[in-house]
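Participant: Whatever this is, show me its structure:
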Amino acid sequence: MKKINLGISGCMGRMGQQLIRSSKNNKNFKLTVLTENRLVKKKINGIKPELNSENAFKKADIIIDFTVPKCTLEILKIASKLKKKVVIGTTGFNRSQENLIKKYSKKIPILKAGNMSLGVNLLMYLTEIASKSLNDQYLSKIFEIHHKHKKDYPSGTALMLGKGIADGKNKNLYNLMGKKYLNKKSFPYGKKINFNSIRKGEIIGEHEVKFSSGKEIITLNHEAFDRALYSDGALTASKWLMKKRPGLYSMRDLLNFS
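Facilitator: Okay, the predicted model is just below:
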């Protein structure tokens, strides 16, 4: 079987480095292109990192991007010109940036996920089922913890879980967004979904969804121990996306949750 030529943007970042490690152990891929938003003098795996450009990504069949929204949109612009497929693990997009991603997906296949983990995507599915099953007397809130280096909050995964609650109620997440707390010891339930984000240490990721009627609490949670969980998921997503037509896909499409 012919190997897939892989491009990784943000190659010096935490997830970029993890993707490089995981791709070396994956027989489906050949690491071909590495890019960074600054000059990197040393070679990595025999590849000299380049700046994001059409010339850099010409050799790639697919690009995996775990960077920042501004960089992701720059890569999508290049990818749409070159007709390259893109897997996006970047989080923190605003509403207008989300609309731009949808626009690019009409030209190229894009898989975008706030979290590439099978377990987290199952958690989102269960969250949607719980939200749909429980009546309006049940209020909800979402709690998440990540390492101190993570800048955006709530995390992309927390927002995915919020979307699960909203989808269960046939509502738009933007209309259900409540307060966004940072580093609070406790935070309240609300008629809208409140979020609390903790940033400390080197924690890879913990997420918790709570539903409360005042008489009982239902808790759904997930804890990640190894960052390879996300890079392996991104590579699985990349292989799956290679056979797809232009469109915006999610891990839910890959996992075929009904």
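Participant: Count the residues that sit near residue 20.
Facilitator: Neighbour count for residue 20, taken as other CB atoms under 10 Å: 19. No exception for glycine: its C-beta is placed from N, CA and C like everyone else's.
Participant: List of residues touching the host helix or strand of it?
Facilitator: Under the criterion of DSSP states H and E, residue 20 resides in helix 14-24. The contact list for helix 14-24 (CB atoms under 8 Å, 6 or more residues apart in numbering) reads 6, 8-11, 29, 31, 34, 36, 44-45, 64, 66, 89, 149, 227-228, 230-232, 234-235.
Participant: One more pass at 6 Å, please.
Facilitator: Here helix 14-24 makes contact (CB atoms under 6 Å, 6 or more residues apart in numbering) with 6, 8, 10, 29, 31, 64, 66, 227-228, 231-232, 235.
Participant: what comes up buried for the next helix or strand after it?
Facilitator: Later in the chain than helix 14-24, the nearest helix or strand by DSSP H and E is strand 29-34. Buried residues in strand 29-34, counting neighbours by 16 or more other CB atoms under 10 Å, are found at 29, 31-34.
Participant: Now flag whichever of those residues is closest to residue 130.
Facilitator: residue 29 (36.5 Å; CB to CB).
Participant: In CSV, list the C-alpha atoms belonging to the helix holding residue 20.
Facilitator: Taking C-alpha atoms only, helix 14-24 is exported to CSV below (Å, rounded to 0.1, in the frame of the first residue of the first chain):
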residue,chain,number,x,y,z
ARG,A,14,3.7,20.1,21.9
MET,A,15,1.3,18.4,19.6
GLY,A,16,3.5,18.9,16.6
GLN,A,17,6.3,17.0,18.3
GLN,A,18,3.9,14.3,19.5
LEU,A,19,2.5,13.9,15.9
ILE,A,20,6.1,13.5,14.6
ARG,A,21,6.7,10.7,17.2
SER,A,22,3.4,9.0,16.4
SER,A,23,3.8,9.2,12.6
LYS,A,24,7.2,7.4,12.8
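Participant: That helix vs strand 29-34, what angle?
Facilitator: Per axes from the mean of the first three to the mean of the last three CA atoms, to 10 degrees, the angle that helix 14-24 makes with strand 29-34 is 140 degrees.
Participant: pLDDT added to the buried residues of strand 29-34, as a markdown table?
Facilitator: Formatted as a markdown table, the buried residues of strand 29-34 follow (pLDDT from 0 to 100):
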| residue | pLDDT |
| --- | --- |
| 29 | 97 |
| 31 | 97 |
| 32 | 97 |
| 33 | 97 |
| 34 | 97 |
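Participant: wait, which of the residues you listed is closest to residue 254?
Facilitator: Among the buried residues of strand 29-34, and counting by CB to CB, the member closest to residue 254 is residue 29, at 16.5 Å.
Participant: Compute the number of surrounding residues for residue 181.
Facilitator: Residue 181 is flanked by 19 other residues according to other CB under 10 Å.
Participant: Name the nearest residue to it, sequence neighbours excluded.
Facilitator: Leaving aside its chain neighbours, residue 181 sits nearest to residue 196 (4.3 Å; criterion: CB to CB, 6 or more residues apart in numbering).
Participant: Okay, and the beta partners of that neighbour?
Facilitator: residue 143, residue 181 (DSSP bridges).
Participant: for this protein, what's the longest helix?
Facilitator: helix 118-133 (DSSP state H).
Participant: Restrict that one to CA atoms and write it as CSV.
Facilitator: Below are the C-alpha coordinates for helix 118-133, written out as CSV (Å, rounded to 0.1, in the frame of the first residue of the first chain):
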residue,chain,number,x,y,z
LEU,A,118,-12.3,8.2,20.8
GLY,A,119,-13.2,8.3,24.5
VAL,A,120,-14.0,12.1,24.4
ASN,A,121,-16.1,11.8,21.2
LEU,A,122,-18.0,8.9,22.9
LEU,A,123,-18.4,11.2,25.9
MET,A,124,-19.9,13.9,23.7
TYR,A,125,-22.3,11.4,22.2
LEU,A,126,-23.4,10.3,25.7
THR,A,127,-23.7,13.9,26.8
GLU,A,128,-26.1,14.6,23.9
ILE,A,129,-28.2,11.5,24.9
ALA,A,130,-28.3,12.6,28.5
SER,A,131,-29.3,16.1,27.6
LYS,A,132,-32.1,14.9,25.3
SER,A,133,-33.4,12.4,27.9
